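Chemist: Fold the following, please.
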Amino acid sequence: MFTQVSLVTEKRTAVLTIPRSALLPGSEPAVMAVVDGQLKRVPVQIGSRGGDQIEVTAGLKEGDQVALDALDLREGDRVAVASRA
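Modeler: Have a look, this model is predicted:
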């Protein structure tokens, strides 16, 4: 017999989160942020992880844009931000 249980130990509001796919691989958490149409590697501090979302406690602010699945992208690459559907 197998059971899977999810417990909510704390519910937080007004926190900054990013999709898990925005985190770059490596030992130090970082993302590729879009700054003036170019990518910039930005170190971040992360907090809680829940599902596909990760809390960012330092390094980004509300409204910052980050690249998702940026494994093949390099700092300085020029990018265009896709509009939301």
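
Chemist: what ranges do the strands span in this structure?
Modeler: Per DSSP state E, the chain carries strands over the ranges 17-19, 30-35, 38-43, 45-50, 53-58.

Chemist: List the buried residues of the last one.
Modeler: The reference is to strand 53-58. By 16 or more other CB atoms under 10 Å, the buried positions in strand 53-58 come out as Ile54, Glu55, Val56. To be clear about C-beta, it is placed using only N, CA and C from the backbone, and glycine gets the same treatment.

Chemist: Can you find the helix or strand of this protein with the lowest average pLDDT?
Modeler: strand 45-50 (a mean of 90; mean pLDDT, DSSP states H and E).

Chemist: neighbouring contacts of stretch 70-81?
Modeler: With CB atoms under 8 Å, 6 or more residues apart in numbering as the contact definition, stretch 70-81 has outside contacts at 22, 24-25, 31-32, 34, 37-41, 65, 67.

Chemist: Of those residues, just the buried ones, ChimeraX syntax please.
Modeler: In ChimeraX, a selection of the buried entries from those looks like this (16+ other CB under 10 Å):
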select :22,24,31,32,34,39,67
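
Chemist: Which two among the contacts of stretch 70-81 are spaced furthest apart?
Modeler: Farthest pair in those (CB to CB) is Pro25 and Gly37. Separation: 24.3 Å.

Chemist: what sits against the residue nearest in space to the middle of the chain?
Modeler: Nearest to the geometric centre of the chain sits Ile18, at 3.4 Å (CA atoms, centre = their mean). Ile18 is in contact with Val31, Gln53, Ile54, Val56, Leu60, Val66, counting by CB under 8 Å, 6+ apart.

Chemist: With pLDDT and distance to Thr3 as extra columns, can I get these in CSV?
Modeler: Formatted as CSV, the contacts of Ile18 follow (pLDDT from 0 to 100; distance: CB to CB, whole Å):
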residue, pLDDT, distance to Thr3
Val31, 97, 35
Gln53, 93, 24
Ile54, 94, 26
Val56, 96, 32
Leu60, 97, 37
Val66, 95, 36
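
Chemist: Please name the bridge partners of the closest residue to Gln53 other than its chain neighbours.
Modeler: Of all residues beyond its chain neighbours, the one nearest Gln53 is Thr17 (4.3 Å), with distances taken as CB to CB, 6 or more residues apart in numbering. Following DSSP bridges, Thr17 is listed with bridge partners Glu55.
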